[in-house]
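*Asks:* show me the folded form of this:
(one chain, ligands or ions: 1)
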Amino acid sequence: MIEAQTVFSADLLIDGSGRAPVRDPYLVVAEGRILEVGAGRPPDALRERAKFFAMPGATIIPGLVDAHVHLALAMHLPDWAAIDADPARLAFLAARHAQEALRAGITTVADCGARHGVTIALREAIAQGWVEGPRVWACGEWLTVTNGHGYFWTRRGFDSAEELRKGVREMVWQGADFIKIMASGGTTQGAKTNRRRAQYSAEELRVAVEDAHRLNKRVICHVNATEAMRHCLKAGVDVVEHCNWLGAQEGTIEYDHDLAREGGRRGLCAGINIEQVFKPLSQNDGYAQDWGDLTRWDLMRRMQDVGVNIFVDTDAAGKDYDALPRMMARMVEEGKAEAAETLAMATLVPARALGLSDEIGSLEKGKQADMVFLPANPLIDITALTRPLAVVKGGCIMVGKHAFPDANRP
Ligand SMILES: [Zn+2]
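*Replies:* Now for the predicted structure:
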């Protein structure tokens, strides 16, 4: 029996692998995966058995990956306390936020912490087709210390190596895809935590990483402090988030070049939330005067120069689940990044960070058919990313079916 096939075509394909764009491409999809990528007129044999979806004038890119969101956190809502107390309402809210991401062309999100395991349930609901949304890669709850960063939400402290290890096992039992640990303090509880200091020793983190890896789960850490970055690298953490290199002294940035180089050598992945990335550090993270007008973006470039795999994400919580494409446009316009590298930083690099690059992140044979149809070539006009015409996930047109003029023409 010949399996049902779908053929998608457009004017241009940027497959996200780093190869040159393909003119007049077609992608043959079966059971959600890419069977073949070709150019020119598809073989006649295909015409007899496949459904065709052609969008003349459009450019196809891989679906975007936002590797740091919080689908079930929305503290700005006036009735947040009531929503937060009710797992069912939290789950509906998370589903709504997931849809916002999908409409913006984001076909995979990593949910970096939600209460009651609601984003694990949402992952399953989306995979079953009960609700529409991107692929969800979920960690369950984040792990932090008592009174640590994020404790305000989970109200659970993991205060030793043993407790961290138990936390890892519990999250995996609940269905977590990866483990999220708050390796330094943060800003969520005002002055109660210290974002300039590590929350865990390297030894404590190492125990958690060891156990997570035993269970084939990657570890993503929240890292504001340089001290925490040091501990994460010693412990073999897979992904570090934020990376603003705060020194222990108030008002200092302590970028450690040797540490960054060590990260590059070990294939470390680092996520940068680019919300405030172009503000001078002196306004944002405070600052030693000798940093002048340098921004978090400049720090990111230094890490990248020594081989750290940098990707961009939003840390969206309560809003801006559709912000990634807008931020990518700013990276090109304000950060003077190359459009192609910007695209990689929101597709293949985060897919690698999540351990999913065999499945998603580029449009190559065997991978999931997750793609976005854009009105222009984003390598020439990056703002095209903010105007998706159609979004396809696993070979299904999730958004913009009517944008295909010849839908279903045999
Ligand atoms: Zn976060």
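*Asks:* show me where this structure has its helices.
*Replies:* 44-49, 80-84, 87-103, 118-128, 151-154, 161-174, 202-214, 226-235, 257-265, 281-284, 296-305, 323-333, 339-344, 348-353 (DSSP state H).
*Asks:* list of residues touching the last one?
*Replies:* Translated: helix 348-353. 16-17, 62, 65-67, 108, 110, 218, 220, 238-239, 269, 271, 309-313, 357, 359-362 (C-beta atoms under 8 Å, 6 or more residues apart in numbering). The way it works is simple: take the backbone N, C-alpha and C, and place the C-beta from them, glycine included.
*Asks:* of the residues you listed, which belong to strands?
*Replies:* 62, 65-67, 108, 110, 218, 220, 239, 269, 271, 309-313 (DSSP state E).
*Asks:* by neighbour count, which of those wins?
*Replies:* V65 (32 neighbours; other C-beta atoms under 10 Å).
*Asks:* point out where the chain drops to low pLDDT.
*Replies:* Low-confidence segments of the chain, defined by pLDDT under 70: 1-3, 189-191, 274-276, 284-292, 406-410.
*Asks:* for it, which residue gets nearest to the ion?
*Replies:* Going by C-beta to the ion, the ion is nearest to D315 of the chain, at 4.4 Å.
*Asks:* what's near enough to touch the closest residue in space to that residue that isn't next to it in sequence?
*Replies:* Of all residues not flanking D315 in the chain, N273 sits nearest, at 4.3 Å (C-beta to C-beta, 6 or more residues apart in numbering). Neighbouring residues of N273 by C-beta under 8 Å, 6+ apart: H68, E241, H242, V312, D313, T314, D315.
*Asks:* for burial, what's the neighbour tally of R89?
*Replies:* By other C-beta under 10 Å, neighbour count at R89 equals 15.
*Asks:* ok, G32 next?
*Replies:* Around G32 there are 15 residues (other C-beta under 10 Å).
*Asks:* contact partners for it?
*Replies:* G32 touches Q368, A369, G394, G395, C396, counting by C-beta under 8 Å, 6+ apart.
*Asks:* are any of the residues you listed buried, and if so which?
*Replies:* Neighbour counting with 16 or more other C-beta atoms under 10 Å marks Q368, A369, G394, G395 as buried within the contacts of G32.
*Asks:* apart from its chain neighbours, what residue comes closest to the residue most central in space within the chain?
*Replies:* For the chain, A67 is the residue whose C-alpha lies nearest the centre (C-alpha atoms, centre = their mean; 1.4 Å). Using C-beta to C-beta, 6+ apart and skipping residues adjacent in sequence, the residue nearest A67 is P350, 3.9 Å away.
*Asks:* same deal with I382?
*Replies:* V332 (4.3 Å).
*Asks:* quick one: contacts for the one you found?
*Replies:* E338, A339, T342, I382.
*Asks:* now the last one: how far from A390?
*Replies:* It refers to I382. 19 Å (C-beta to C-beta, to the nearest Å).
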